[in-house]
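Visitor: predicted model and sequence below, questions to follow.
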Amino acid sequence: MAPQATMRERLRRVNEAREALRQRVREAREGIDEIDESSAGMAGDPGGSRSVDDRIPQPVRGLAAWSWRFLIFAAAVVVLAYALWQVRLIVFPVIAALLLTALLYPAVNRLRGWGVPRALAAAIVFVGGLVVLVGVFTLLSRLLADQFGDITVNLQDGIDEVRSWLANGPLDLSQNQIDQTLDDITQSVSDNRDVLAGGAIATATVALEILTGTLLALFTTYFFLYDGERIWGWCTTLFPKSAERPVAEAGRRAWRVLTSYVRATIFIAAVDAVGIGLVLLFVGIPLAVPLAVLVFFGAFVPIVGATVTGAVAVLVALVTNGTVDALIVLAGVIAVQQLEGHILQPLIMGRFVRIHPLAVVLSVGVGALVAGIWGAVIAVPLAAVANAVMRYFASLHRSPGEDPAERVPHESAYTSISDTVGTREPSPASDDAPDPGSPPRP
């Protein structure tokens with residue numbers, strides 16, 4: 001009897017354990033059902049117990065994430081621009097040295113290819129360029145000195161012609177009114193003598209700054225010609241190891257764009273100067289060659305510069321030779337501008353630099369507002385370099401064979417934007433994958 005009682009007791013305990021296990025399974029299933037019902041209730045009732053972030057639509061969260069990043073980036077750009085502006089007496093000469101180096105560096109490479117040592121090649125090109133520049137300014141000075149007497153006579157004749165037009169033209173001013181206006185101008189100059197003296201001092205200060213900047217630009221140009229590759233190689237070492245090769249390749253692409261821009265600008269400026277200069281020589285305008293040189297340097301401000309210097313040539317023609325010759329010069333300037341705007345700019349500048357004409361005009365305007373004439377000169381090359389660098393880094397994060405122009409936003413666009421908040425880790429290939437054709441770091 002004892003073994004049977006023991007067996008029954010064991011069976012009873014097993015049954016109790018089985019029932020307890022079934023009870024726990026039922027309780028677990030009931031808990032799962034309650035969770036499902038709660039989730040369904042939250043989906044049906046947006047104002048339930050969800051947090052505020054959960055109630056914000058996904059597109060709004062994505063745009064907010066991009067917005068605060070853009071604000072931080074804009075603040076960094078403003079701070080950097082302010083810091084550079086405080087040291088503009090160094091920044092502008094360095095940028096000018098880069099432009100000069102982009103012009104002269106191909107000649108240095110040619111001499112080095114012929115076996116000339118690097119230091120000697122840089123010295124030959126630098127001194128040769130300096131001699132050419134000094135020769136041009138010497139020639140202009142002699143032309144100004146030789147034609148100064150003719151300019152004085154023509155200027156006086158032009159002033160008399162203007163006074164005759166004011167008296168006998170559509171304005172029908174009397175001689176007393178003209179004389180009174182001239183007397184008022186003379187009196188105003190006399191009354192503001194102190195202001196003019198202060199302006200002269202400010203002009204002398206600006207002239208001293210220009211002289212200092214010119215010397216610094218020449219000094220920097222020589223060392224860029226001599227040691228530019230190693231200087232850039234050292235700059236790339238300031239970046240993280242994974243970014244050195246992409247940064248080096250971006251610099252090489254930016255340098256190619258800058259070199260192409262300088263060559264294209266010089267060619268277009270030469271065409272403008274020769275075209276307008278020939279018109280001035282044909283009409284017989286004094287200082288035709290100096291005005292042509294002025295047009296050449298003015299063309300370094302794309303689209304706007306040649307127009308302004310052409311207007312100066314028309315004004316000189318009006319004052320020295322009269323209305324008919326001024327109209328002929330104006331027609332020549334317009335013809336040259338049409339040649340530049342419709343043929344040279346699209347075929348040459350657009351091919352090598354790949355910047356839309358609207359972007360060129362806006363860049364010149366912003367540069368002039370921010371930094372005056374120097375800002376207008378350097379705005380377009382800076383925009384071209386920035387465009388090349390951004391296109392290169394964008395290509396690193398683009399899948400092979402993908403064309404950016406064919407990308408169309410789809411329903412997951414906002415999700416991909418919000419993923420950049422921190423929920424998605426960047427792929428290893430996007431961090432340090434250099435261009436497949438990039439050479440080793442110098």
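Guide: Looks like it arrived, so ask away.

Visitor: Val94 is in contact with Thr220, correct?
Guide: Yes - using C-beta atoms under 8 Å, Thr220 is in contact with Val94, at 5.7 Å. To be clear about C-beta, it is placed using only N, CA and C from the backbone, and glycine gets the same treatment.

Visitor: these two: which is more packed in?
Guide: More crowded of Thr220 and Val94, by other C-beta atoms under 10 Å: Thr220, with 19 against 15.

Visitor: so what's the predicted local confidence for that one?
Guide: We note a pLDDT of 91 for Thr220 in this prediction.

Visitor: spatially nearest residue to it (excluding sequence neighbours)?
Guide: Counting by C-beta to C-beta, 6 or more residues apart in numbering, the nearest residue to Thr220 once its immediate chain neighbours are dropped is Ala97, at 3.8 Å.

Visitor: so which elements touch the helix or strand the one you found falls within?
Guide: For Ala97, the host element (DSSP states H and E) is helix 88-113. The helices and strands touching helix 88-113, judged by 3 or more C-beta pairs under 8 Å, 6 or more residues apart in numbering; DSSP states H and E, are helix 118-146, helix 193-236, helix 244-283, helix 357-396.

Visitor: ranking these by burial, who's on top?
Guide: Comparing the helices and strands packed on helix 88-113 by mean neighbour count (mean count of other C-beta atoms under 10 Å), helix 244-283 comes out on top with a mean of 19.

Visitor: right, and the helix or strand after that one?
Guide: Assigned by DSSP H and E, the successor of helix 244-283 is helix 288-298.

Visitor: flag every buried residue along that following helix.
Guide: 288-296, 298 (16 or more other C-beta atoms under 10 Å).

Visitor: what's the closest of those to Val304?
Guide: Within the buried residues of helix 288-298, proximity to Val304 (C-beta to C-beta) peaks at Gly298, which comes in at 8.6 Å.

Visitor: okay but that closest one is in contact with Ala292, surely?
Guide: No - contact criterion C-beta under 8 Å: Gly298 and Ala292 do not qualify, at 10.5 Å.

Visitor: residue ranges with poor pLDDT in the stretch 151-300 of the chain?
Guide: 151-175, 177-180, 182-203 (pLDDT under 70).

Visitor: give me that answer again for 90
Guide: Within the stretch 151-300 of the chain, the ranges that satisfy pLDDT under 90 run 151-215, 217-218, 225-273, 275-277, 280-300.

Visitor: could you chop the chain up by domain?
Guide: Domain ranges of the chain: 90-160+196-238, 241-397, per automatic domain parsing.

Visitor: those: which one's closest to Ala76?
Guide: When the domains of the chain are compared (using C-beta to C-beta), the closest one is domain 241-397, at 14.8 Å.

Visitor: just the endpoints, please. Distance across the closest one?
Guide: Terminal residues of domain 241-397 are spaced 18 Å apart (C-alpha to C-alpha, to the nearest Å).

Visitor: ok so, going back, in the helix holding Ala97, what's buried?
Guide: Quick answer for helix 88-113 (16+ other C-beta under 10 Å): 91-93, 95-105, 107-108, 111.

Visitor: Gly310 - nearest residue in space that isn't next to it in sequence?
Guide: Val333 (3.7 Å).

Visitor: what sits against that neighbour?
Guide: Residues near Val333 by C-beta atoms under 8 Å, 6 or more residues apart in numbering: 276, 279, 307, 310-311, 313-314.

Visitor: out of those residues, who's the most crowded?
Guide: With neighbours defined as other C-beta under 10 Å, the most crowded of the contacts of Val333 is Ile276; it has 28 neighbours.

Visitor: you'd agree it is up against Ala292?
Guide: Yes - here Ile276 reaches Ala292: they are 6.1 Å apart, a contact under C-beta under 8 Å.

Visitor: quick revisit: mind putting the helices and strands packed on helix 88-113 in CSV, distance to Leu63 included?
Guide: CSV is the format used below for those (distance: least, C-beta to C-beta, whole Å):
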stretch, distance to Leu63
helix 118-146, 52
helix 193-236, 35
helix 244-283, 29
helix 357-396, 21
